[in-house]
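Asker: Sequence and predicted model, in that order:
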Amino acid sequence: MSTPSTTVLPDGGLKSPGAGLITLDPVRTALLHGLDELLTGLAARLSAPEVVGPPLLSVEGLARLDFFRNFPHLGVSAGRFAPDALDGLAAGESPGELPLRPTGYLLPSATCYGLLLSLEGRDVGEGGLRLSAAGRCFRNETHYDGLRRLWGFHMREVLYLGTKQGSLEHLEQGAEFVRELAGRLGLELNRAVADDPFYDKGGSRARLMALDPVKHEFSAPDGTAIASVNRHRNFFGERLDIRAGSEGPAYSACVAFGVERWVHAMILAHGTPEQALDRLRDTR
Amino acid sequence: MDPIAAWLHEKNPGLDGPIAADEDLIEARLIDSMDFLEFIDLLEELSGSSIDLQEVTIDDFRTIGRVQERFLSAAT
């Protein structure tokens, strides 16, 4: 008598709970974790300690960073059922029909926001500070598309705060790392100016960004951006009173990776998830 | 005070002393990105002609010296 298998998925695989939501199967999960491990190589190279950011961000903090002026459509809110709805819920009423009350918190849309807000009022010194973190990020989108565009996804970032020159060097080192890693993984990437999803595309910030791009993306051949390098000038330093010693408000920059998109790019480049995983294992 | 310097000081009340003609207004964010179009409006008002953003580069706005030369030299 053979032992019943507990490792093979049932026919039909794992169900999606809804648009933009995916349960990763074991092979894609192995790809996600293996790729994330390689992506932490940037933090190791730059001696950026790993931290865990907060799971929710205050709307008050985000408002100070102009998040709602730039991206009012993206924010996924943490709501709470109103107290007078609880009896109905407990009696079996449909939750979808009952009112939610705002909590004053949003799920993160990017990993660096939580880190930046945690540094408010601090002095990172002229030598600067680097932090590395990964977290699940959430964005409302008008459409979802497999691993390319999810409602929630993993974003790994290496953040730098310090001098203007230091922030430029951080991005150069980040871009070099992306090129090297892509080469090792057999990924062909194109670097281009990013088209950030500003709500007001004709607004002041979007117009200045068109003249002076502060964000560049690395994209797979099908156009999926899997990594980006972003410079913030001294915006966060000023808004959050983060100083770099005698240099004044800190300049900041970050290198960001959308980890599910790296999984997508690997499958795109190598044919199947299994072949992509083989290639990943050969790389490590 | 020169109207451009006056505008920059109004937007940056914490600024001490004069702004050098070669100071990088963009990188130091003395022209904040949210105020960029207002700055364009100011230049159009001072020069009396419109600015087509397709025909300029960021360096045209980078310093007071360059702004004077690029947009205001004909008017002064």
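Answerer: Noted; the coordinates are in hand. Numbering: from 1, shown residues only, chains lettered A, B, ... in the order given.

Asker: wait, residue A:270 sits on residue A:186?
Answerer: Yes. Counting by CB atoms under 8 Å, residue A:270 touches residue A:186, with 6.7 Å between them. For every residue, glycine as well, the C-beta is placed using N, CA and C.

Asker: more crowded one of the two?
Answerer: Neighbour count, other CB atoms under 10 Å in any protein chain shown: between residue A:270 and residue A:186, residue A:270 has more, with 18 against 15.

Asker: Please identify which helix or strand holds the residue nearest to that one when sequence neighbours are not counted.
Answerer: Of all residues not flanking residue A:270 in the chain, residue A:276 sits nearest, at 4.3 Å (CB to CB, 6 or more residues apart in numbering or on different chains). Element membership for residue A:276, per DSSP states H and E: helix A:273-283.

Asker: List the buried residues for that helix?
Answerer: Buried residues in helix A:273-283, counted by 16 or more other CB atoms under 10 Å in any protein chain shown: A:273, A:276-277, A:279-280.

Asker: Could you look up the next helix or strand downstream of the helix ranked longest in chain B?
Answerer: The single longest helix within chain B, with elements called by DSSP state H, is helix B:36-47. Beyond helix B:36-47 in the direction of the C-terminus, DSSP H and E gives the next helix or strand as helix B:64-67.

Asker: Tell me which other helices or strands that next one touches.
Answerer: When contacts are defined as 3 or more CB pairs under 8 Å, 6 or more residues apart in numbering or on different chains; DSSP states H and E, helix B:64-67 packs onto helix B:3-11.

Asker: next one: the helix it packs on to chain centre, how far?
Answerer: From the chain centre to the centre of helix B:3-11 is a distance of 9 Å (CA atoms, centre = their mean, to the nearest Å).

Asker: repeat for stretch A:40-55
Answerer: With CA atoms, centre = their mean as the basis, the mean position of stretch A:40-55 lies at 13 Å from the chain mean.

Asker: what's next to that stretch, contact-wise?
Answerer: Contacts to stretch A:40-55, defined as CB atoms under 8 Å, 6 or more residues apart in numbering or on different chains, come from residues A:107-108, A:111, A:114-115, A:117-118, A:130-133, A:135, A:156, A:158-160, A:170, A:173-174, A:177, A:181, A:255.

Asker: For that stretch, measure first residue to last.
Answerer: Distance across stretch A:40-55, first residue to last, is 20 Å (CA to CA, to the nearest Å).

Asker: Test my guess that residue A:224 contacts residue A:264.
Answerer: Yes. Using CB under 8 Å, residue A:224 is in contact with residue A:264, at 5.9 Å.

Asker: Could you check which of these two is surrounded by more residues?
Answerer: Taking other CB under 10 Å, residue A:224 and residue A:264 do not tie; residue A:264 has more neighbours (24 against 21).

Asker: Now the more buried one: closest residue in space that isn't a chain neighbour?
Answerer: Computed as CB to CB, 6+ apart, the closest residue to residue A:264 that is not its neighbour in sequence is residue A:147, at 4.0 Å.

Asker: coming back round to it: what angle separates the longest helix of chain B from helix B:3-11?
Answerer: With axes from the mean of the first three to the mean of the last three CA atoms, to 10 degrees defining the directions, helix B:36-47 sits at 150 degrees from helix B:3-11.

Asker: what about dumping the CA coordinates of helix B:36-47 to CSV?
Answerer: This file holds the C-alpha atoms of helix B:36-47, laid out as CSV (Å, rounded to 0.1, in the frame of the first residue of the first chain):
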residue,chain,number,x,y,z
PHE,B,36,6.7,74.4,-10.4
LEU,B,37,3.8,75.4,-12.6
GLU,B,38,3.4,78.5,-10.4
PHE,B,39,7.0,79.4,-11.1
ILE,B,40,6.3,79.0,-14.8
ASP,B,41,3.4,81.3,-14.5
LEU,B,42,5.6,83.9,-12.8
LEU,B,43,8.2,83.7,-15.6
GLU,B,44,5.5,84.0,-18.2
GLU,B,45,4.2,87.1,-16.4
LEU,B,46,7.6,88.7,-16.1
SER,B,47,8.7,87.9,-19.7
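
Asker: quick revisit: contact partners for the residue nearest to residue A:264?
Answerer: Each residue near residue A:147 by CB under 8 Å, 6+ apart is listed here: A:22, A:28, A:260-261, A:263-264, A:267.

Asker: for chain A, what are the nearby residues on chain B?
Answerer: Within reach of chain A by CB under 8 Å from any CB of the partner chain, chain B has these residues: B:26-29, B:33-38, B:53, B:56-58, B:61.

Asker: Give me the buried subset of the residues you listed.
Answerer: Buried, going by 16+ other CB under 10 Å: B:26-29, B:33, B:35-37, B:61, out of the residues of chain B next to chain A.

Asker: could you dump these to a markdown table with pLDDT and distance to residue A:209?
Answerer: Rendered in a markdown table, the data for these read as follows (pLDDT from 0 to 100; distance: CB to CB, whole Å):
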| residue | pLDDT | distance to residue A:209 |
| --- | --- | --- |
| B:26 | 94 | 11 |
| B:27 | 91 | 14 |
| B:28 | 90 | 17 |
| B:29 | 92 | 13 |
| B:33 | 88 | 7 |
| B:35 | 92 | 14 |
| B:36 | 94 | 9 |
| B:37 | 93 | 12 |
| B:61 | 95 | 13 |
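
Asker: Quick check: the gap between the spatially closest residue to residue B:8 that is not a sequence neighbour and residue B:6.
Answerer: Closest residue in space to residue B:8, ignoring its immediate chain neighbours: residue B:30 at 5.3 Å, by CB to CB, 6+ apart. The gap separating residue B:30 from residue B:6 is 13 Å, by CB to CB, to the nearest Å.
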